[in-house]
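>>> give me coordinates for this.
(2 chains)
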Amino acid sequence: GDSVTQMEGPVTLSEEAFLTINCTYTATGYPSLFWYVQYPGEGLQLLLKATKADDKGSNKGFEATYRKETTSFHLEKGSVQVSDSAVYFCALEVVRGSNYKLTFGKGTLLTVNP
Amino acid sequence: SAVISQKPSRDICQRGTSLTIQCQVDSQVTMMFWYRQQPGQSLTLIATANQGSEATYESGFVIDKFPISRPNLTFSTLTVSNMSPEDSSIYLCSVLRLAYNSYEQYFGPGTRLTVT
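Numbers count the residues shown, from 1 in each chain, chains lettered A, B, ... in the order given. Next up, the predicted model:
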């Protein structure tokens, strides 16, 4: 079935370091792909998305490219900040007729130290 | 985006009791969902709340345990019935919006439930 495999955490980086969080998926067809972020004590927020192969989603300095050939949607940021400390979830869209759902990865906890 | 509010934001309940969580959206939406996020875990879809008909439950979730109402296109409730400590989780309401020819799903702030 449709699934998302996400890099295990936790990830600890120093401020201004480069970030990569790996995400690969298994799906029928070509689903939209998403990254969500959950800051401490807050709800889930949509960070970025890509709807088709080779699309690049970007927001707040984060980027992810939809790679059909490697079934991947890795999240990257060139220079992380302390305020980026959060849990990051990769998700894929599953549509079956009129049924819609998001399937989430397990989440990756990122801690950025000053 | 969508502005979603949930009540209560948190609660501590005794085992065997029930809690009803409310979800209100700032505008009409076609699809509303309820998720559970157990401590340190990812999100699991409980059910899709359908307006005017019974909710559609995912495998492992049943109506007797998690009855859902959706009386209109902006409001839904989830009840956690006959609670046990294993039901301690964050419960999240979510809505689906069409944006730029693709769908985006937005989440409420969550209800943190502790069962003692």
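>>> could you pull up phi and psi at residue A:89?
Main-chain dihedrals, residue A:89, degrees, to the nearest 10: phi -120, psi 130.
>>> that one: neighbouring residues, count only.
By other CB atoms under 10 Å in any protein chain shown, 26 other residues sit near residue A:89. No exception for glycine: its C-beta is placed from N, CA and C like everyone else's.
>>> helix or strand with the lowest mean pLDDT in the chain?
No chain in the question, so chain A it is. Within chain A, no helix or strand scores below strand A:99-104, which has a mean of 88 by mean pLDDT, DSSP states H and E.
>>> look at chain B instead
strand B:102-107 (a mean of 86).
>>> check which element follows that strand along the chain.
Heading C-terminal from strand B:102-107, the first helix or strand you meet, by DSSP states H and E, is strand B:111-115.
>>> pLDDT wise, what is the residue nearest to residue B:85 when sequence neighbours are not counted at?
Nearest non-adjacent residue to residue B:85, counting by CB to CB, 6 or more residues apart in numbering or on different chains: residue B:115, 4.9 Å away. Model confidence at residue B:115, given as pLDDT, is 97.
>>> residue contacts, the residue lying closest to residue B:29 once chain neighbours are set aside?
Once flanking residues are discounted, residue B:29 sits nearest to residue B:95: 4.3 Å by CB to CB, 6+ apart. Contact analysis of residue B:95 by CB atoms under 8 Å, 6 or more residues apart in numbering or on different chains lists B:2, B:4, B:25, B:29, B:31-33, B:105-106.
>>> show me these that map onto strands.
Using DSSP state E, B:4, B:25, B:31-33, B:105-106 are the members of the contacts of residue B:95 that sit in strands.
>>> quick one: name the residues of chain B near chain A.
B:1, B:31, B:33, B:41-43, B:45, B:48, B:56, B:58, B:92, B:96, B:101-110 (CB under 8 Å from any CB of the partner chain).
>>> could you give the bridge partners of the residue nearest to the spatial centre of chain B?
With distances taken as CA atoms, centre = their mean, residue B:34 lies nearest the centre of chain B, 2.9 Å away. When bridges are called by DSSP bridges, residue B:34 pairs up with residue B:47, residue B:93.
>>> need the contact list for it.
Residues counted as contacts of residue B:34 (CB under 8 Å, 6+ apart) are B:23, B:45-47, B:49, B:66, B:68, B:76, B:78, B:91-94.
>>> tabulate those residues (CSV), appending neighbour count.
Formatted as CSV, these follow (neighbours: other CB atoms under 10 Å in any protein chain shown):
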residue, neighbour count
B:23, 26
B:45, 21
B:46, 24
B:47, 22
B:49, 24
B:66, 19
B:68, 24
B:76, 26
B:78, 26
B:91, 22
B:92, 25
B:93, 28
B:94, 26
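>>> let me know the closest of those to residue B:9.
residue B:91 (10.9 Å; CB to CB).
>>> OK, contacts around the closest one?
Contact partners of residue B:91, counting by CB under 8 Å, 6+ apart, are B:6, B:21, B:34-37, B:46, B:78, B:80, B:110-111, B:113.
>>> which pLDDT value does the model give it?
pLDDT for residue B:91: 97.
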